[in-house]
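A.B. asks: can't give you the sequence, but here's the structure:
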């Protein structure tokens, strides 16, 4: 019985470039949303208001969500390459 190798063959460079662009787009999207929360939402209302105190915290949560989303996408693509899915 022939077993498949643990490491699959090489993929074309353009596939890695496309995946890198996808990861960059994911991060950029979440960073823009995080900046909107941190600076846009926090400027609503007066000093000590609800939005002023919760805006930066929501921005940090959104930024962390974006990082985790990019990590999840990277893991997904690694498993996809490992199993030779397209």
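C.D. replies: Okay, I see it. The shown structure was predicted, so the numbers you read here are calculated from the model rather than taken from an experiment.

A.B. asks: three-state assignment of the residue nearest the centre of the chain?
C.D. replies: Centre of the chain computed as the mean C-alpha position; nearest residue by CA atoms, centre = their mean is residue 70, 2.6 Å away. Assigned by DSSP: H, G, I helix; E, B strand; the rest coil, the conformation of residue 70 is helix.

A.B. asks: you'd agree it is up against residue 23?
C.D. replies: Yes - here residue 70 reaches residue 23: they are 5.2 Å apart, a contact under CB atoms under 8 Å. Glycine gets a C-beta too; all of them are placed from N, C-alpha and C.

A.B. asks: re earlier: dump the residue contacts of the residue nearest to the centre of the chain.
C.D. replies: In this structure, residue 70 makes contact with 23, 26, 27, 30, judged by CB atoms under 8 Å, 6 or more residues apart in numbering.

A.B. asks: all helices of the protein, in order?
C.D. replies: 13-35, 50-82 (DSSP state H).

A.B. asks: what sits against residue 71?
C.D. replies: Per CB under 8 Å, 6+ apart, neighbours of residue 71: none.

A.B. asks: next one: residue 69
C.D. replies: By CB under 8 Å, 6+ apart, residue 69 lies in contact with 26, 30.

A.B. asks: how close does it sit to residue 13?
C.D. replies: Remark: distance between residue 69 and residue 13 (CB to CB, to the nearest Å) = 25 Å.

A.B. asks: low-confidence ranges in the chain?
C.D. replies: 1-9, 11, 45-46, 85-86 (pLDDT under 70).

A.B. asks: again, only using 80
C.D. replies: Applying pLDDT under 80 to the predicted model, the residue ranges of the chain that meet it are 1-16, 37-56, 80-86.

A.B. asks: looking at it, residue 19 is touching residue 75, isn't it?
C.D. replies: No - assessed by CB under 8 Å, residue 19 is found out of contact with residue 75, at 11.9 Å.

A.B. asks: of those two, give the one with the bigger neighbour count.
C.D. replies: When residue 19 and residue 75 are compared on other CB atoms under 10 Å, the one with more neighbours turns out to be residue 19, at 18 against 10.

A.B. asks: how about the nearest residue to that one, chain neighbours excluded?
C.D. replies: Beyond its immediate neighbours in the sequence, the residue positioned closest to residue 19 (CB to CB, 6 or more residues apart in numbering) is residue 77, lying 5.3 Å away.
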